[in-house]
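Colleague: next one to model:
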Amino acid sequence: MTTCNDLKKNSLTVFFVISGEELQKKALERYNTVKGLQQERLVSGSDDFTLYLWNPEEEKKPVCRMTGHQQLINDVKFSPDTRLIASASFDKSVKLWDGKTGQFIATLRGHVNRVYQVAWSADSRLICSGSSDSTLKVFDVTKKKILLDLPGHADEVYAVDWSPDGQRVASGGKDKVLKM
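Modeller: Purely as a prediction, here's the structure:
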């Protein structure tokens with residue numbers, strides 16, 4: 001501990017000197033608290049129409065190979081609660097998979113052209129997808145149906161994401177327009 005006196009301001013500042021090793025230990029403790037007991041998983045999508053579910057802490061080989069898309073996979077994301085995986089494909093579909101086993105759950109349809117990206121709502125109940133058909137689709141994951149069809153872009157939609165409060169979606173695309 002080190003102290004510093006500033007007589008002009010009548011203040012005392014206290015500094016605690018912590019070693020790099022102590023900082024590293026505290027950072028690891030915080031990481032493990034946030035991470036919890038759940039094993040880290042990874043999912044990858046490919047232009048060979050397949051996805052792989054990985055458990056990188058345990059094995060160098062994938063846990064499973066996930067098939068079903070008919071064209072390349074452009075985006076894949078775990079739901080915030082990690083229970084589900086959504087994949088976006090050039091086959092005009094979004095597919096849902098079990099986040100632990102990789103088991104296929106459902107195909108979400110509605111786009112008439114390639115799907116570029118998916119985004120999960122913070123509560124894991126909704127998925128928004130952006131497509132080269134110039135639309136966004138918001139799907140209800142429980143009902144596996146389109147909840148909202150959001151037209152408005154003049155061209156392909158490349159990027160979608162939810163606002164933190166889950167009330168709005170932002171999108172951007174080839175038309176160089178950002179929409180909310």
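
Colleague: I'd assumed E58 was in contact with L42.
Modeller: No: the pair L42 / E58 is not scored as a contact, 11.3 Å apart, by Cβ atoms under 8 Å. Where you see a C-beta, it was placed from the backbone N, CA and C, and this is true even at glycine.

Colleague: so for those two, which residue has more residues nearby?
Modeller: Using other Cβ atoms under 10 Å as the criterion, L42 and E58 rank with L42 on top: 14 against 11.

Colleague: check what pLDDT the residue nearest to that one when sequence neighbours are not counted gets.
Modeller: Closest residue to L42 apart from its sequence neighbours, by Cβ to Cβ, 6 or more residues apart in numbering: W54 at 4.2 Å. Note for W54: predicted pLDDT of 95.

Colleague: got the contact list for W54?
Modeller: R41, L42, V43, S44, P62, V63 (Cβ atoms under 8 Å, 6 or more residues apart in numbering).

Colleague: and the spatially most central residue of the chain, helix, strand or coil?
Modeller: Central residue of the chain (Cα atoms, centre = their mean): K77, 4.5 Å from the mean position. Here K77 takes the strand state, with states given by DSSP: H, G, I helix; E, B strand; the rest coil.
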